[in-house]
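Asker: can't give you the sequence, but here's the structure:
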């Protein structure tokens, strides 16, 4: 087997979060509905970006957040995602590599700028989001570095990759390479709407043994198995043969391994500020634990610890090194 260089390879949509504080009048002038989220085209993305004034930029995207979380634990993550050769692409590259994530996907040289979620924050703290997918939708099989896949204990991919046809092909290529080298393949369902679009295909990925490990929250798992009853969904998940890591919000998490289940409690949080990134950081802890041969219960507990840390502040990235927090919690990191 190829030497393991990375605890996990995370593959997903490379989206730069761009934050700006604006007055209420700005939203009125731009005909924006406060608190809403909309998808926008290239022309609108460029126009709005130029009008935002002073900004704070953070490399984002679900799988990117997970990779950053693994790095914060002291792990060795890699990341595949497509950005353009532009200013935001430079920021994304610098930010990801600066956190300790290996990121070297070839950049898009023409037609589409780097994906961005432009988040306008009014004085009352409300967020109005304008998302442009841009270059991240151009991720393709040619962007899959087989050496990195082979050297990663787990290859973890977003369900959102199932939207663009070329990204779907890249997903399948990465999974094939991972299995050729005796590695595990993980899928996060991303959201319930994504599940509704690709339910049968996601189920086939598990029944065909393309996916070994599934990440889902309660709503996504119910959507996958088309039931309103969680116990029914858990039973169905156990029959697939894939290991399932299920997040349950304030009720903690559960690992479903065939007919066996392990449940762990949520970590106490004094003040829940922002739930953004909770699932992404749970995956960070669980994947790190899996790569380091933790027991499933311990991996799930570490995932809950990471999730609890991120919801105590604004943003989807750790503010303090998770390695220190985990060590204080008794984990060997």
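Answerer: Alright, I've got the coordinates. What you see is a predicted model, and the numbers here were worked out from it, not measured in a lab.
Asker: mind listing the helices for the stretch 201-333 of the chain?
Answerer: With DSSP state H, counting those that start in this stretch as the criterion, the stretch 201-333 of the chain has helices at 218-224, 230-238, 278-291, 296-310, 322-328.
Asker: in the last one, what's buried?
Answerer: When you say that, I think you mean helix 322-328. 322-323, 325-326 (16 or more other CB atoms under 10 Å). (Each C-beta comes from the backbone N, C-alpha and C, glycine too.)
Asker: I'd like the average pLDDT over it.
Answerer: The average of the pLDDT scores along helix 322-328 is 89.
Asker: swap in the first one?
Answerer: Within the predicted structure, the mean pLDDT of helix 218-224 is 95.
Asker: any residues touching it, and which ones?
Answerer: With contacts defined as CB atoms under 8 Å, 6 or more residues apart in numbering, helix 218-224 is touched by 189-192, 195-196, 199, 202-203, 216, 228-230, 233-234, 237, 244, 246-249.
Asker: Quick check: buried residues in stretch 212-219?
Answerer: 212-218.
Asker: One more: stretch 121-139?
Answerer: 122, 127-128, 130-139.
Asker: Likewise for stretch 307-327?
Answerer: Neighbour-count burial for stretch 307-327 [16+ other CB under 10 Å]: 307-311, 315-318, 322-323, 325-326.
Asker: what's the span of it from first residue to last?
Answerer: 15 Å (CA to CA, to the nearest Å).
Asker: ok, which pair from the buried residues of helix 322-328 is furthest apart?
Answerer: 323 and 325 (7.4 Å; CB to CB).
Asker: Sheet partners, orientation included, of the lowest-mean-pLDDT helix or strand in the chain?
Answerer: Of all helical and strand segments in the chain, the minimum by mean pLDDT, DSSP states H and E falls on strand 56-60, at a mean of 84. Here strand 56-60 has these sheet partners by DSSP bridges: strand 15-21 (antiparallel).
Asker: what's in contact with the strand it pairs with?
Answerer: 49, 52-61, 64, 83, 88, 91-92, 114-123, 131, 133, 136.
Asker: same question, stretch 206-217
Answerer: 154, 156, 172, 175, 184-189, 202, 204-205, 224, 237, 240-249, 279, 282-283, 286, 290.
Asker: So which of these are in strands?
Answerer: Judged by DSSP state E, the contacts of stretch 206-217 include 154, 156, 184-188, 243-247 as members of strands.
Asker: Compile the residues you listed into JSON lines and extend it with columns for distance to residue 12, pLDDT and neighbour count.
Answerer: Converted to JSON lines, the ones in strands among the contacts of stretch 206-217 look like this (distance: CB to CB, whole Å; pLDDT from 0 to 100; neighbours: other CB atoms under 10 Å):
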{"residue": "154", "distance to residue 12": "14", "pLDDT": "98", "neighbour count": "21"}
{"residue": "156", "distance to residue 12": "9", "pLDDT": "98", "neighbour count": "30"}
{"residue": "184", "distance to residue 12": "17", "pLDDT": "97", "neighbour count": "20"}
{"residue": "185", "distance to residue 12": "14", "pLDDT": "98", "neighbour count": "25"}
{"residue": "186", "distance to residue 12": "12", "pLDDT": "98", "neighbour count": "26"}
{"residue": "187", "distance to residue 12": "11", "pLDDT": "98", "neighbour count": "25"}
{"residue": "188", "distance to residue 12": "9", "pLDDT": "96", "neighbour count": "27"}
{"residue": "243", "distance to residue 12": "20", "pLDDT": "96", "neighbour count": "20"}
{"residue": "244", "distance to residue 12": "19", "pLDDT": "98", "neighbour count": "23"}
{"residue": "245", "distance to residue 12": "17", "pLDDT": "98", "neighbour count": "26"}
{"residue": "246", "distance to residue 12": "20", "pLDDT": "97", "neighbour count": "24"}
{"residue": "247", "distance to residue 12": "17", "pLDDT": "95", "neighbour count": "24"}
